[in-house]
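Engineer: sequence and predicted model, in that order:
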Amino acid sequence: MIRRILFAAVAVGLVACAAYAAFYVAPEERTMGAIQRIFYLHASSGWAGETTFFFCFVANLLYIWRRKPQYDWLGVTCAEVGVAFITVVLLTGPIWAKPVWGIWWTWDARLTSTFVLWILYICYLLLRTLLDEPERRALLSALFGVFAFIDVPIVFGAIRWWRTQHPAPVIMGGEGSGLDPAMRKVFFFNVLAMHILALFFIAERYLLEKSKHDAELLRREAEAR
Amino acid sequence: MALLSNAAVLLGKEVRTEFRSRELLSTTMVFVLIVVVVFSFTFDPTSTESRRFGPGLLWMAFLFAASLMLQPCFLREQVNDTLGALRLAVEDPFAVFLAKIAANTVFLLFTELVMLPVFAALFNVSFGSQLPGVLLTFLLGSLGISIVGTALAAISAQARMRELLLPLLLLPLLTPILVVSTEVTIRLMQPEPYLEWKGIGLMAAFDAVFLTVLWLFGEYLLEE
């Protein structure tokens, strides 16, 4: 119990410090002004969400291979946490885009593929609610999860083939891109904070899934008597 | 080789079953026709506009039709309790998928080819000079829809609300096919038409990737 409280305190504390750094430590962007500060939340949530979906994919593969219910719990946990983080990305993006681009939304490669990613994992969660038998549910949703994860890069490629409006990658974007060193530090601190927060959510949600499973076992045992 | 000969036998069975009743094909064709007509009410299809919106509309009609058409391919086996027998009959369970993918591709392609002249007449566009390109696009597009659709039909057949679930799972996964096939078809319908090989390559890559995934994981979809 004490470990869980400590973890919560660290995660929340880090996020609070990251938000402070984003608002007060990072220098103001020259052309966009204050609105650019949403980037620290937007991009770091995106990175954390994508890492979480990658964990989900790995958990799905491990379930198909090993068939241990633990991997299924991890799969659903990561899908839910990932959807939450990507929801933040999809909400903060338009808030930034409206003053900067003049529009809330555009159908370019990164926006569309993130949107499709989000919808696919919502479908993954929906599919789980429609499969009653636990082992069937675990296996079939894991298989769908594998399909979904593989699809996203292809969606990105397919739409990129036209044109793209999202700012070119600032991190690892090659020549002429990059952040101011002070901004860079704040950004990576935000990325770290968001990953710790995601890990905390995953740990808590996993325990909840485990309790659900235990409760189900107890219920069956009681019914059998 | 056993895989291919098994799949060929099963494909014969699928095609025979369909051509005895012809239910699936006739229903899907009428459905595509209705979608095309309904779409024409939502905007005024003059010739330039139909060149721009027509291909998207056509592929959307095919996609909706496919999401209905793919439904019975595993449901039928489940209702008649023949899936277990099918699995026992073949060495590699992938043969079951190969046969069903081939059958669905054939049915879908057949529907598309019948609907194409109707569409061209209704929307006043011509494909005449670009027929090989159109055929290639339709073949790769239908193959992609069938590969992913057959796999998902095997999943949705085992769930509740299966009729609603299949389009729900299928449509977002098929985004790349819809995007690319629409773009390629638009270019084929321009006043100076040409075949966009990059798009053809992307569709072929999509088909190859998902066929490989299905080959790797297909047997788990058929587990009892």
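Structural biologist: Received, thanks.

Engineer: can you map out the helices along chain B?
Structural biologist: In chain B, the helices defined using DSSP state H lie at B:2-21, B:23-42, B:47-69, B:72-79, B:83-89, B:94-122, B:131-156, B:162-173, B:175-188, B:197-221.

Engineer: give me the pLDDT value at residue 91.
Structural biologist: Just going to use chain A. A:Leu91 carries a pLDDT value of 95.

Engineer: let me rephrase: I mean chain B.
Structural biologist: 84.

Engineer: on that earlier part again, would you turn the helices of chain B into CSV with mean neighbour count and distance to chain A?
Structural biologist: Backbone N, C-alpha and C define where each C-beta goes, glycine included. As requested, the helices of chain B are exported to CSV (neighbours: other CB atoms under 10 Å in any protein chain shown; distance: least, CB to the nearest CB, whole Å):
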stretch, mean neighbour count, distance to chain A
helix B:2-21, 14, 21
helix B:23-42, 15, 19
helix B:47-69, 20, 13
helix B:72-79, 18, 12
helix B:83-89, 13, 14
helix B:94-122, 20, 13
helix B:131-156, 24, 5
helix B:162-173, 20, 5
helix B:175-188, 23, 4
helix B:197-221, 18, 6
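
Engineer: ok, and the closest non-adjacent residue to A:Val81?
Structural biologist: Leaving aside its sequence neighbours, A:Val81 sits nearest to A:Phe201 (CB to CB, 6 or more residues apart in numbering or on different chains; 4.6 Å).

Engineer: tell me the pLDDT at the one you found?
Structural biologist: 96.

Engineer: count of residues packed around it?
Structural biologist: A:Phe201 has 20 neighbouring residues, counting by other CB atoms under 10 Å in any protein chain shown.

Engineer: any idea how far B:Val213 is from it?
Structural biologist: 29 Å (CB to CB, to the nearest Å).

Engineer: tell me which element the residue most central in space within chain A is part of?
Structural biologist: The residue lying closest to the centre of chain A (CA atoms, centre = their mean) is A:Gly49, at 1.5 Å. Under the criterion of DSSP states H and E, A:Gly49 resides in helix A:38-66.

Engineer: by contact count, what packs against that helix?
Structural biologist: Here helix A:38-66 touches helix A:2-20, helix A:69-101, helix A:109-129, helix A:134-160, helix A:181-224, going by 3 or more CB pairs under 8 Å, 6 or more residues apart in numbering or on different chains; DSSP states H and E.

Engineer: what residues are up against residue 215?
Structural biologist: Using chain A. Counting by CB atoms under 8 Å, 6 or more residues apart in numbering or on different chains, A:Ala215 makes contact with nothing.

Engineer: could you do chain B instead?
Structural biologist: B:Phe94.

Engineer: so B:Leu166 sits against B:Thr150, correct?
Structural biologist: No. In this structure, B:Leu166 is not within contact of B:Thr150 by CB atoms under 8 Å, at 10.7 Å.

Engineer: overlap in contacts of the two?
Structural biologist: By CB under 8 Å, 6+ apart, the residues touching both B:Leu166 and B:Thr150 are B:Leu70.

Engineer: quick one: the residue nearest to the centre of chain A and A:Ile103, what's the gap?
Structural biologist: For A:Gly49, the distance to A:Ile103 - CB to CB - is 23 Å.

Engineer: quick check, pLDDT for residue 216.
Structural biologist: Just going to use chain A. Reading off the model, A:Glu216 has pLDDT 89.

Engineer: chain B, not that one
Structural biologist: 94.

Engineer: neighbouring contacts of stretch A:117-126?
Structural biologist: A:53, A:56, A:76, A:79-80, A:82-83, A:86-87, A:90, A:141, A:144-145, A:148, A:151-152, A:155, B:165, B:168-169, B:172-173.

Engineer: could you give the angle of the worst-scoring helix or strand of chain A on mean pLDDT to helix A:38-66?
Structural biologist: For chain A, using mean pLDDT, DSSP states H and E, the weakest element among its helices and strands is helix A:134-160, scoring a mean of 91. For helix A:134-160 and helix A:38-66, the angle between their directions (axes from the mean of the first three to the mean of the last three CA atoms, to 10 degrees) works out to 130 degrees.

Engineer: do helix A:134-160 and chain B meet at all?
Structural biologist: Yes. Counting by CB under 8 Å from any CB of the partner chain, chain B is contacted by helix A:134-160 at A:136, A:139-140, A:143-144, A:146-148, A:150-151, A:154-155, A:157-159.

Engineer: right, so of the helices of chain B, which gets closest to A:Arg66?
Structural biologist: helix B:197-221 (12.5 Å; CB to CB).

Engineer: if I take the closest one and helix B:2-21, what angle do their directions form?
Structural biologist: Using the same axes, to 10 degrees: helix B:197-221 against helix B:2-21 is 90 degrees.

Engineer: distance between helix B:197-221 and the chain's centre?
Structural biologist: 14 Å (CA atoms, centre = their mean, to the nearest Å).

Engineer: how far off helix B:131-156 does that helix point, in degrees?
Structural biologist: 20 degrees.

Engineer: what's the angle from helix B:197-221 to helix B:162-173?
Structural biologist: Computed by the same axes, to 10 degrees, the angle between helix B:197-221 and helix B:162-173 is 140 degrees.

Engineer: let's see the ChimeraX selection covering just the buried ones among the contacts of stretch A:117-126.
Structural biologist: Command for ChimeraX, covering only those of the contacts of stretch A:117-126 found buried under the criterion 16 or more other CB atoms under 10 Å in any protein chain shown:
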select /A:53,56,76,79,80,82,83,86,90,141,144,145,148,151,152,155 /B:165,168,169,172,173
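
Engineer: low-confidence ranges, chain A, go.
Structural biologist: A:162-178 (pLDDT under 70).

Engineer: could you redo the last one with a cut-off of 90?
Structural biologist: Within chain A, the ranges that satisfy pLDDT under 90 run A:1, A:25-36, A:97-103, A:106-113, A:132-134, A:152-184, A:216, A:225.
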